[in-house]
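1. mind looking at a prediction? Sequence and model below.
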Amino acid sequence: MSKCRRLGALVGALLIACGPAFAGSPEKPAKYGLGRLALPDEVAVWDIDVRADGLGLPEGSGTAARGEEIYSERCASCHGDFGEGIDRWPALAGGRDTLKDERPLKTIGSYWPHASTIFDYVRRAMPYASPGTLSDDEVYALTAYLLQLNDIVTDPDFVLSKKTLAAIRLPNGKNFIPDDRLAEPHYAKGLVPCMTDCRPGKAKITGRARALDVTPESGGAE
Amino acid sequence: MAERPKKPSDGSPDRLRRGLLTGGLVAGGFAATGLAGKARAAGDKAILEAPEWTSGLGAGVDKAPYGSPSRYEKHVVRRTVDWLTADSIASVNFTPLHELEGTITPNGLCFERHHSGVAGIDPARHRLMVNGMVETELVFDMDDIRRFPRVNAIHFLECIANTGMEWRGAQLNGCQFTHGMFHNVQYTGVRLKTLLDEAGIKPQGKWLLAEGADAARMSRSIPLSKALDDCLVAFAMNGEALRPEQGYPLRLVVPGWEGNMWIKWLRRLEIGDKPWAQREETSKYTDLLADGKARRHTFEIDVKSVITSPSPQAPIRHRGGHTVVTGLAWSGRGRVASIDISLDGGRNWLPARIDGPALPKAAARFYHDLDWDGSELFLQSRAIDDQGYVQPTKEALRAARGVNSVYHNNSIQTWFVKRDGTVENVEVS
């Protein structure tokens, strides 16, 4: 099915907007001729992702000082005044140097690899009950404040923008490694699973769920 | 119109007559057959007395235009664990695996995991956009999607935090809670490759961003090689439209890969040359190791199995004798090749019997027919996939990763069956 059919269904204004894209590309017939051209305005509204290298960051800016005001009003009721997290809502700050501890605290400062993710996620999904209500300037300001809560930005008047955000490195960024599960000894190729007398002696209980008693009442057998 | 028969009451002549006959018939019957070991002192009322469903008429058609399970199956439901999450809107519940048979999970029992609640999408207002490094950025509506060539595929979906609560030790008493972030469903939809080809992927495209239309605008980066290999954009599950909680009207199917990537309420596919470092692939769904390093992009789900019955919520209710031990096995790297069962906590293993299909990246149902002597059992199952990977022990996984990985816990589960038939989640050495 040719692209002409797709274009034919569009109004004139769209033809003008989309025409050059065709003119510049080699003619490759689409397979089924389904769907319609996405308009630049439509793509702009939905394409809000921001990459670690800053690609996708919008114009605009904000300071940590401004971010603190927004945070107090719109974020602190769940995440706490200092990003410590209230109840089971996520902590956003603290936990530095706890990743090898028995109970690591994974926050922006202690765990997250990229500052861009703060901007992307806040703009995408926060505030929890009313996502999409923050302006880009407000998201820059909030991101700056979250960086300040994590001691990554120290000057409250630091202006976070497209340029400055892409340059920020988070402390734990270098501790992410590729998936190497298959190098673990139990996944070695050619292992023949043991079938008889695989362990000495009788099985001894070393831990039991009943000891913790955290299973929901309604979930039990009786 | 026929006269409606009266429902018999407890004092009806029929009921009284049957009562009088009971004693004599039973005594004579057992003496004649010689099945003394199985005899009862008195006849079974379930046989001797006609129940109301036999002595009267039942409901007509259309009483329930969309049917539901028997009133006696009301306990077979998804359940949550309240203390796990801050709020039920960003939470999870669990498939009642201990009550299910075969390999296909019924739609209403497939576990739910939402980050900002269920998006209640009107399909007439739903759109799927393809943008980024494509020749032509396109928008499809649901009618368009349904006009592409269609495929069917059965795959398991596992939230990769499944069994995550068990890293430090046995914690939850029931396979619904330890293993119930899992379902296995037949999907109908369009190959993702078909949709992407329609837009025309530019040569520099290497990654795909999939994004949902929910309030979390849930988003994940997926290598383009996977997207073009076996991913689907599905609009139906088990023969009917997707359930709202499973992504109605459109979801991504990413066979064998962690459930979070199977974007529900799918509204956008973007092609790019690098991953997008989204929250769910950086701060979440990365696996912290004991040395403080964290693995990222751990997409494939390793071979895993669990005995679903007996299990803590499905105890053995007879004293001994023939007992069906059954469970599910799966691998994100291929087909389940075999499953072994241990009754003694991993000392000795016996091959289990697979019944039904064992398809690639789909659940397999296994059985072990046990003549239980009534003694204590430490039941375990161990699956092996067609790539040769063997389900590891808890010790092996902890030795390699520590206990703070959260995700990808595919270790061997132990159920302690006591003499009274009750079952507990335990760990054994």
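-> Cool, the structure landed.
2. isn't there a strand covering A:L160?
-> Yes. According to DSSP: H, G, I helix; E, B strand; the rest coil, the state of A:L160 is that of a strand.
3. which element is the closest residue in space to it that isn't next to it in sequence on?
-> Leaving aside its sequence neighbours, A:L160 sits nearest to A:A144 (C-beta to C-beta, 6 or more residues apart in numbering or on different chains; 3.9 Å). Glycine gets a C-beta too; all of them are placed from N, C-alpha and C. Per DSSP states H and E: A:A144 is located in helix A:136-149.
4. so where does the residue lying closest to B:L228 once chain neighbours are set aside fall, helix or strand?
-> Sequence neighbours aside, B:K193 is the residue nearest to B:L228 in space, at 4.7 Å (criterion: C-beta to C-beta, 6+ apart). With secondary structure defined by DSSP H and E, B:K193 is part of helix B:192-199.
5. what's that helix packed up against?
-> In terms of contact count using 3 or more C-beta pairs under 8 Å, 6 or more residues apart in numbering or on different chains; DSSP states H and E, helix B:192-199 is assigned the packing partners strand B:127-132, strand B:138-141, helix B:224-229, strand B:232-237, strand B:266-272.
6. could you export the ones you listed as JSON lines, including distance to B:V426?
-> Below are the helices and strands packed on helix B:192-199 laid out as JSON lines (distance: least, C-beta to C-beta, whole Å):
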{"stretch": "strand B:127-132", "distance to B:V426": "47"}
{"stretch": "strand B:138-141", "distance to B:V426": "51"}
{"stretch": "helix B:224-229", "distance to B:V426": "38"}
{"stretch": "strand B:232-237", "distance to B:V426": "35"}
{"stretch": "strand B:266-272", "distance to B:V426": "41"}
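7. now these in a markdown table, with mean neighbour count, distance to B:W372 and mean pLDDT?
-> Shown next, in a markdown table, are those (neighbours: other C-beta atoms under 10 Å in any protein chain shown; distance: least, C-beta to C-beta, whole Å; pLDDT from 0 to 100):
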| stretch | mean neighbour count | distance to B:W372 | mean pLDDT |
| --- | --- | --- | --- |
| strand B:127-132 | 22 | 53 | 98 |
| strand B:138-141 | 22 | 55 | 98 |
| helix B:224-229 | 17 | 44 | 98 |
| strand B:232-237 | 24 | 37 | 98 |
| strand B:266-272 | 24 | 47 | 98 |
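8. these: which one's closest to B:T80?
-> Closest to B:T80 of the helices and strands packed on helix B:192-199 is strand B:232-237 (C-beta to C-beta; 21.2 Å).
9. partner strands of that closest one, with direction?
-> As defined by DSSP bridges, the strand partners of strand B:232-237 come to strand B:182-191 (antiparallel), strand B:240-241 (antiparallel), strand B:251-253 (antiparallel).
10. low-confidence ranges in chain A?
-> By pLDDT under 70, the low-scoring segments of chain A are A:1-30, A:217-222.
11. closest residue of it to chain B?
-> Sorted by distance to chain B under C-beta to the nearest C-beta, the residues of chain A start with A:A203, at 2.7 Å.
12. and the nearest residue to that residue once chain neighbours are set aside, how many residues sit next to it?
-> Spatially, and ignoring its direct neighbours in sequence, A:A203 is nearest to B:G345 (2.7 Å; C-beta to C-beta, 6+ apart). Using other C-beta atoms under 10 Å in any protein chain shown, B:G345 is surrounded by 24 other residues.
13. B:A119 now?
-> Neighbour count of B:A119, defined by other C-beta under 10 Å: 20.
14. what residues are up against it?
-> B:G212, B:A213, B:D214, B:A215, B:P244, B:K264, B:W265 (C-beta atoms under 8 Å, 6 or more residues apart in numbering or on different chains).
15. buried subset of those?
-> B:G212, B:A213, B:D214, B:A215, B:K264, B:W265 (16 or more other C-beta atoms under 10 Å in any protein chain shown).
16. farthest pair within the residues you listed?
-> Going by C-beta to C-beta, the pair spanning the buried ones among the contacts of B:A119 furthest: B:A215 and B:K264, at 12.0 Å.
17. all strands of the stretch 301-429 of chain B, in order?
-> All strands of the stretch 301-429 of chain B, identified by DSSP state E, counting those that start in this stretch, fall at B:304-309, B:321-330, B:336-342, B:350-351, B:353-354, B:364-372, B:377-385, B:414-417, B:423-428.
18. list the buried residues for the third one?
-> Of the residues in strand B:336-342, those buried by neighbour count under the rule 16+ other C-beta under 10 Å are B:V336, B:A337, B:S338, B:I339, B:D340, B:I341, B:S342.
19. on that earlier part again, tell me which of the strands of the stretch 301-429 of chain B lies nearest to A:A211.
-> Going by C-beta to C-beta, the one of these nearest A:A211 is strand B:423-428, 9.5 Å.
20. who does that closest one touch, helix- and strand-wise?
-> Using 3+ C-beta pairs under 8 Å, 6+ apart: strand B:423-428 touches strand A:205-208, helix A:209-212, strand B:377-385, strand B:414-417.
21. same question for it, mean pLDDT?
-> The average pLDDT within strand B:423-428 is 98.
22. who's in contact with it?
-> Here strand B:423-428 makes contact (C-beta under 8 Å, 6+ apart) with A:203-210, A:221, B:166, B:169-174, B:178, B:310-312, B:314-316, B:345-346, B:378-379, B:394, B:413-418.
23. before we move on, the earlier item: does the residue nearest to A:L160 touch A:V153 like I think?
-> Yes. Using C-beta atoms under 8 Å, A:A144 is in contact with A:V153, at 5.9 Å.
24. just the helices in the chain please.
-> Answering for chain A, as no chain was given. With helices called from DSSP state H, chain A shows them at A:3-8, A:12-23, A:40-46, A:64-74, A:76-79, A:116-125, A:136-149, A:162-167, A:209-212.
25. ah, I was thinking of chain B
-> B:13-33, B:45-48, B:52-55, B:142-145, B:175-179, B:192-199, B:224-229, B:394-401.
26. for B:P244, which non-adjacent residue is spatially closest?
-> Spatially, and ignoring its direct neighbours in sequence, B:P244 is nearest to B:V118 (5.1 Å; C-beta to C-beta, 6+ apart).
27. show me what contacts the residue of the stretch 301-429 of chain B found nearest chain A?
-> Closest to chain A within the stretch 301-429 of chain B is B:G345: 2.7 Å, counting by C-beta to the nearest C-beta. Contact analysis of B:G345 by C-beta under 8 Å, 6+ apart lists A:R199, A:K202, A:A203, B:F378, B:Q380, B:T414, B:V428.
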